[in-house]
Structures are given as C-alpha cells and as structure tokens.
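**Student:** no letters, just coordinates:
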C-alpha cells in the first residue's frame, strides 16, 4: 500500500507528473491491484481521447479504481465504464474552461504589475494587493512579490562571498579536494554548518530534510528576479515534449520598444552585483556539467552509506588506485547519530570484494544444482527482464495470485486433518484455480524460459571469475551492473573506525542479497 501525490501539479496541464508516472509503473509491474482517488478527476483531466486508453489499460490489468465520491469501477462493468468516461469528459471540460478564465485573469494581473509565476522565487514572498483595472474601473486583487528578509540575506551573503572570497589560513580538505572560498560549494558548506534552512526545509513536505547543494544555489543566484527583473522560468522537456519541473534557465522580459529589462518588484541584488555574479559563475564552473564516467556501483540504487545517503563515485583520473566511493551527504550537514566528516572506501577494494562474494554465491549454488532462495529469485527477475513490459506485468500478477492460492490450499489441507467439512470442496476449487493459472503462465511463456548464463559467468573450472579473460573482466559496465541487480538488494558501507586509517574492507561492508533476509557481513576487525 502506498500514497502517490503530485502536490501543486495540474492533471490538465500536460506537464510531467512524477508520482503519477510512478503509480502507472507500479500498476504495470503488478504491484498494485486497487487505486483509490477522491474524485476521478484526480486521476486525469486529459482529453478523454487520451485518457480512455490509459484507464482501459489499468482495468485490463485487473486493477479496480475506487472513487470516494463516484464509486467503484472495474473491468466487465459496462455501465460503470460509461459513467467513468463521462466523468473524465466532464473533468476535462471543467479544466478547459477554468484554464481560459485563468489566462484572462493573468493577462489583467500582468498588465497591473502583478506576479504570475505561482510559487514565489527564493528570496521573496507573495502578498495580495487590490488595484484598479483601467479597462473597467473595477478593483482587482493581484499577487505582488516582496522581500523575505531571511532568504534575501542568504542571497546577499552568497553574492558577497563569490565576489570577495573569505580568507582562510588553513584550508581544510574533504575527500582529497581542497575547500575553495569564493565558490558555490564553499558557500553551501557554510550554510549547512550554520543550519540555514533551505526553502524546502521551511515549507516543503517531501523536501523537509533537504540541504544546500551547489546546483540549487547556482539556480537561485542565476534567477534575474533577484535583481528585480521580470522574468519567465524556462523548464526542461522530456522525450515526449512535456514540460518537467526541472528548471533549464530564465528569460528576462524586456520593453518591446527600448529592449530595457522590465523592473517588476524590489531587488535583492543591485543590477551591478547581479551581473558581476553572473560573470563569476560563467568564469568559474563550480558545478560540473559533463556527464560523469559510469562506475560499477554508483547510481545503481544499491550502494548506500551507513547514514542512509547514497554513495557516489569520486574518480581520480591521474591515479586510478586512489578512486573511491564517497557518501553523498551534503557538505557541512550532520544529523544526530550520523558519522562526522566523510565516509569513503576504495573503489577497487569494494568492487573486488563485492564481485568475489557474488561469484562465490553463484558457484556454491551451481555446485548444489541451482538450489537456493537467492538464485531462484535471480532467475525469476532475469526471466521477467527478458519479457515485454506487458507480459511481465501480467506474469507478475498471475504469479502473485498463484502463490496466494497455493498458500490457501496448504492451509486447507492442514485444516482437513481437523475434519473441516468445507475443506474437500474448497480444495477442489483451489486446485482447479491453481491449474488454470499454471496454464495461463504457460501461455505467457510458450517457449522455455531463459536461464541464467552461470557457466559463462564462472568460466572454465578452476578459472578466476574476475581474472584476465573472464566474462567479468571483458563485459561492458552495463552488463555487470545488470548482473549485480539480479542478486543484490543493498550494499551498506560503514565509516572507518576512529584511529584506523585503512581497516580491512570486509569490516566495513554489508551485502543484503535480493531474497529474504540473507545478508553477508564481514567480521569486525
């Protein structure tokens, strides 16, 4: 059971809805059987021509849609489906008329100097004020931007640090990299150390635990509205052309005749300071924009620090042996009970340790004729990955129903020994149901299911599965990462004990395998 919310996002606008997309993915993967919404309109306000295939897909997956207001909709109920289509059409038309009205009101507000951007940018807050519409003389309530003193101070202090870096007698090093005053990273570290809250920490629900990061601060410092300019936010678009919530940049609105930027509200930074900051940011790329070289364990959703933060790759191109995985917790932030300073581990040592123990598990399973819960689950995941998404979702659902039916049958057989009168009849019904589902699975898998290439992975008997000429050594990094995801659920790295500069890697690594509670933990040294 889970909750999916796209707070502050319209189901009509066509913008990307991450939580809604995650809901659809979970439905297609067979993890959801029931979707509950307050109104059907919360599900979609798209044109019915676009919404109907989506709703039909959910119903064909066996998912029941329950609206608190309008009732229940499921496959096979023609009347309910017709009512659902009518409600989707009604919701779309309501949103369409509302959109037209809002656009008209926005044009009036903009002509009166109002703020149309929705949520106030960092450094500002929104106030309401009544002004007179010159077209008809009627009062109009509009939103205006005014300074937020605490947030404005953060922007001014950051600008001051960028333009006049602080003198530091002994520059501390973090993960082998020197802290540089006058950079976004230096400012973010100071903000986190001082406990300065982000906007998300003060107002957000999902971002209440957020910290300062260079990319976020750069976006704030590049916002022309900090200089009082009227500007529009430019959002990135996904592969389908839909607007996302990721900001790509800003466009300063200018006077149509003179080309001078329009000043719409009080400024946090004067124009000279704002443009000086832009020149510094353009000349000092404190945030790397190049695509990092993929590493084996980073960005896989498998590798975590003991504090719960993902580990990221910290590559050393000059000396490969010095490359490491490092805790991604923002600099300067430490919560009670968490490790202080950094948590890093040698990349070569960790990858070798994980690889050795993975191949030891595979070799042991192969020697015992493929038995073992971990290997069984890995085969199931491998088979699902070999199927189309639609077939995989259907197979997942049938397999879940089949497991539940077998559990019920086992329970009834145990009760039958206690002379339960209804057990024989229920046993026959469940047995027929199990047979029918087995046939359905056979229809989905008409060909023999693919098996794990264990012999290819292990190589010749006695050969080193990680050594020269091995599959592991020659495989592309994507293939190795896919293999790891079949067997490993999570890898947790603990910080080196105090006073130990190079403790054994096995004392710091805990591997949780994909099935059950099986874990491998190195002995503490």
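**Tutor:** In hand now; what should we look at? What you see is a predicted model, and the numbers here were worked out from it, not measured in a lab. Numbers count the residues shown, from 1 in each chain.

**Student:** use CA for all of it now, contacts and neighbours both
**Tutor:** OK.

**Student:** now the nearest residue to residue 4 once chain neighbours are set aside: phi and psi?
**Tutor:** Spatially, and ignoring its direct neighbours in sequence, residue 4 is nearest to residue 19 (5.3 Å; CA to CA, 6 or more residues apart in numbering). Main-chain dihedrals, residue 19, degrees, to the nearest 10: phi -70, psi -40.

**Student:** kindly report the same for residue 236.
**Tutor:** phi -70, psi 160.

**Student:** what does the one 4 residues further on give?
**Tutor:** Taking degrees, to the nearest 10, you get phi -100, psi 10 for the backbone angles of residue 240.

**Student:** please apply the same query to residue 277.
**Tutor:** phi -60, psi -40.

**Student:** surely it and residue 162 touch.
**Tutor:** Yes - under the criterion of CA atoms under 8 Å, residue 277 makes contact with residue 162 at 7.0 Å.

**Student:** re the thing from before, burial measure for the residue nearest to residue 4, as a count.
**Tutor:** 14 (other CA atoms under 10 Å).

**Student:** and what of residue 334?
**Tutor:** Residue 334, neighbours per other CA under 10 Å, totals 16.

**Student:** in contact with it, which residues?
**Tutor:** For residue 334, the contact set (CA atoms under 8 Å, 6 or more residues apart in numbering) comprises residue 340.

**Student:** can you check my assumption that it lies in a helix?
**Tutor:** No - with DSSP: H, G, I helix; E, B strand; the rest coil as the criterion, residue 334 is coil rather than part of a helix.

**Student:** so how far is residue 194 from it?
**Tutor:** 11 Å (CA to CA, to the nearest Å).

**Student:** neighbours around the closest residue to residue 58 other than its chain neighbours, how many?
**Tutor:** Distance criterion CA to CA, 6+ apart; nearest residue to residue 58, sequence neighbours excluded, is residue 27 at 7.3 Å. Neighbour count for residue 27, taken as other CA under 10 Å: 21.

**Student:** relative to residue 443, how far out is residue 27?
**Tutor:** Taking CA to CA, one finds residue 27 at 21 Å from residue 443.

**Student:** what's the answer for residue 275, then?
**Tutor:** 66 Å.

**Student:** what does the average pLDDT come to for stretch 263-274?
**Tutor:** Throughout stretch 263-274, pLDDT has a mean value of 91.

**Student:** buried residues in that stretch, which are they?
**Tutor:** Neighbour-count burial for stretch 263-274 flags 263-269, 273-274 (criterion: 16 or more other CA atoms under 10 Å).

**Student:** now swap in stretch 461-470 and tell me
**Tutor:** Applying 16+ other CA under 10 Å to stretch 461-470 flags 464-466, 470 as buried.

**Student:** could you chop the protein up by domain?
**Tutor:** Under automatic domain parsing, the residue ranges defining each domain of the chain are 18-110, 124-167+176-283, 291-386+450-525, 388-448.

**Student:** can I get the ones you listed in TSV with distance to residue 116?
**Tutor:** Shown next, in TSV, are these (distance: least, CA to CA, whole Å):
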stretch	distance to residue 116
domain 18-110	6
domain 124-167+176-283	7
domain 291-386+450-525	33
domain 388-448	41
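
**Student:** which of those has the lowest average pLDDT?
**Tutor:** Looking at these, the bottom one is domain 18-110 with a mean of 67.

**Student:** next one: stretch 224-235 to chain centre, how far?
**Tutor:** Remark: stretch 224-235 is offset 27 Å from the chain centroid, using CA atoms, centre = their mean, to the nearest Å.

**Student:** ok, stretch 161-170 next?
**Tutor:** So, by CA atoms, centre = their mean, the centroid of stretch 161-170 is 35 Å from its chain's centroid.

**Student:** got the contact list for that stretch?
**Tutor:** 181-184, 187, 276-277, 280.

**Student:** could you identify the buried members of these?
**Tutor:** By 16+ other CA under 10 Å, these give 181-184, 187, 277, 280 as buried.

**Student:** how about those residues in CSV, adding secondary structure and distance to residue 142?
**Tutor:** Converted to CSV, the buried ones among the contacts of stretch 161-170 look like this (DSSP: H, G, I helix; E, B strand; the rest coil; distance: CA to CA, whole Å):
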residue, secondary structure, distance to residue 142
181, coil, 42
182, coil, 39
183, coil, 38
184, helix, 35
187, helix, 35
277, helix, 31
280, helix, 36
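
**Student:** looking at the residues you listed, which is nearest residue 222?
**Tutor:** Among the buried ones among the contacts of stretch 161-170, residue 277 lies closest to residue 222 (CA to CA), at 8.1 Å.

**Student:** quick one: the helices in the stretch 251-400 of the chain?
**Tutor:** Here the stretch 251-400 of the chain has its helices, by DSSP state H, counting those that start in this stretch, at 271-283, 347-367, 373-385, 389-416.

**Student:** turn those into JSON lines, columns for distance to residue 62.
**Tutor:** Shown next, in JSON lines, are the helices of the stretch 251-400 of the chain (distance: least, CA to CA, whole Å):
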{"stretch": "helix 271-283", "distance to residue 62": "53"}
{"stretch": "helix 347-367", "distance to residue 62": "36"}
{"stretch": "helix 373-385", "distance to residue 62": "19"}
{"stretch": "helix 389-416", "distance to residue 62": "9"}
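
**Student:** of all the ones you listed, which lies closest to residue 123?
**Tutor:** Per CA to CA, nearest to residue 123 of the helices of the stretch 251-400 of the chain: helix 271-283, 13.8 Å.

**Student:** quick revisit: show the contacting residues for the residue nearest to residue 58.
**Tutor:** Counting by CA under 8 Å, 6+ apart, residue 27 touches 33, 58, 61, 63, 393.

**Student:** give me the number of residues near residue 130?
**Tutor:** Quick note: residue 130 (other CA under 10 Å) scores 11 neighbours.

**Student:** so it: helix, strand or coil?
**Tutor:** strand.

**Student:** hmm, residue 144 and it touching each other?
**Tutor:** No - if you go by CA under 8 Å, residue 130 and residue 144 don't touch, sitting 10.1 Å apart.

**Student:** so who does residue 131 touch?
**Tutor:** 112, 139-142.

**Student:** re earlier: ok, so of the contacts of stretch 161-170, who is nearest residue 301?
**Tutor:** Nearest to residue 301 among the contacts of stretch 161-170, with distances taken as CA to CA, is residue 184, at 27.1 Å.

**Student:** I'd say the closest one and residue 214 touch.
**Tutor:** Yes - under the contact definition of CA under 8 Å, residue 184 touches residue 214, with a separation of 5.2 Å.

**Student:** okay, the angle between the helix or strand encompassing residue 192 and helix 271-283?
**Tutor:** Using DSSP states H and E, residue 192 maps to helix 184-193. Between helix 184-193 and helix 271-283, the angle comes out at 110 degrees (axes from the mean of the first three to the mean of the last three CA atoms, to 10 degrees).

**Student:** elements contacting helix 184-193?
**Tutor:** helix 149-163, helix 214-221 (3 or more CA pairs under 8 Å, 6 or more residues apart in numbering; DSSP states H and E).
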